[in-house]
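Engineer: Build me a model from this:
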Amino acid sequence: KGEMYPGSAGLKKGDSFYVDVKATVVRGAGGDSKVEHPKSKLEMERQITIGSKEDVETEHGIHTAYKVDVALSGRLALAPTPDKSVPLPEGNATLWFTKGLGLVRSYNRMGQGWELVEYTNAAGEAIE
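Structural biologist: The predicted structure follows:
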């Protein structure tokens, strides 16, 4: 339920998007194993808030990008004991998007980060 992303409207400072996800998770056995994994139930809430544009320096270069904050929370429960859910670690992630290029830097809720190193066209040629 809710709105996942702004879509074709694009990013606008101050916009906020909330989504409530509920799903049943099924995991198959690996390889030749005959083991049966119990189904689980995932519930997750995500709030995305679009911040200001700021200059972000990556290995690829300096990009003017929207800062997007993502707040996550949720629970997971196994089918045999749905009343005994385990909370997922809450936290915030931060993403930076630039027009015409997309995601140029991100930090997940555990503080691990990634940034754009190179950008190539369909022919594999570098785009500066």
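Engineer: make it CA atoms for all contacts and neighbour counts henceforth
Structural biologist: Noted.
Engineer: in a helix, that's where residue 36 is, yeah?
Structural biologist: No. When classified by DSSP: H, G, I helix; E, B strand; the rest coil, residue 36 is found to be coil rather than part of a helix.
Engineer: how near is it to residue 23?
Structural biologist: As judged by CA to CA, to the nearest Å, residue 36 and residue 23 stand 19 Å apart.
Engineer: Can you give me the pLDDT of residue 100?
Structural biologist: Reported pLDDT at residue 100 in the predicted model: 84.
Engineer: er, residue 44 actually
Structural biologist: If you check residue 44, the pLDDT there is 90.
Engineer: what does residue 8 give?
Structural biologist: Note for residue 8: predicted pLDDT of 68.
Engineer: And the worst-scoring helix or strand of the chain on mean pLDDT, how far out from the chain middle?
Structural biologist: None of the helices or strands of the chain scores lower by mean pLDDT, DSSP states H and E than strand 86-87, at a mean of 86. A distance of 19 Å separates the centroid of the chain from that of strand 86-87, by CA atoms, centre = their mean, to the nearest Å.
Engineer: Having no further points to raise, I will conclude here.
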